[in-house]
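[1] heads up, no residue letters with this:
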């Protein structure tokens with residue numbers, strides 16, 4: 001069971017990733033419980049950390065990949081698409 005509350009998760013992610021540059025936004029997804037034996041409607045335990053610059057994102061990716069965060073190793077990757085927030 002994933003019992004970390006969203007506000008705590010966001011604050012913790014900001015604290016971890018802001019060491020590498022300005023964090024513009026953090027988007028967290030949590031799976032909704034749909035019943036025993038059924039899959040959640042959305043992806044569990046995923047978050048997008050949007051940085052102001054590519055060098056900051058690269059530094060975070062290299063430094064934090066595999067870091068144990070709330071008991072689980074982080075899987076850090078670049079987004080497949082540019083965030084709407086960055087485009088603005």
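    Yep, that arrived. Predicted model only: the values in this text are computed from it and were never measured.
[2] for this protein, which spans come out with low pLDDT?
    1-2, 30-44, 85-88 (pLDDT under 70).
[3] now the strands: where do they sit in it?
    23-29, 46-51, 68-69, 72-73 (DSSP state E).
[4] columns distance to residue 16 on top of those strands, output as JSON lines?
    Backbone N, C-alpha and C define where each C-beta goes, glycine included. Shown next, in JSON lines, are the strands of the chain (distance: least, Cβ to Cβ, whole Å):
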{"stretch": "strand 23-29", "distance to residue 16": "9"}
{"stretch": "strand 46-51", "distance to residue 16": "9"}
{"stretch": "strand 68-69", "distance to residue 16": "7"}
{"stretch": "strand 72-73", "distance to residue 16": "13"}
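[5] buried deepest among those strands, which one?
    Most buried of those, by mean neighbour count (mean count of other Cβ atoms under 10 Å): strand 46-51, with a mean of 18.
[6] for that strand, name the packing helices and strands.
    Based on contacts counted as 3 or more Cβ pairs under 8 Å, 6 or more residues apart in numbering; DSSP states H and E, the elements that strand 46-51 packs against are helix 6-17, strand 23-29, helix 54-64.
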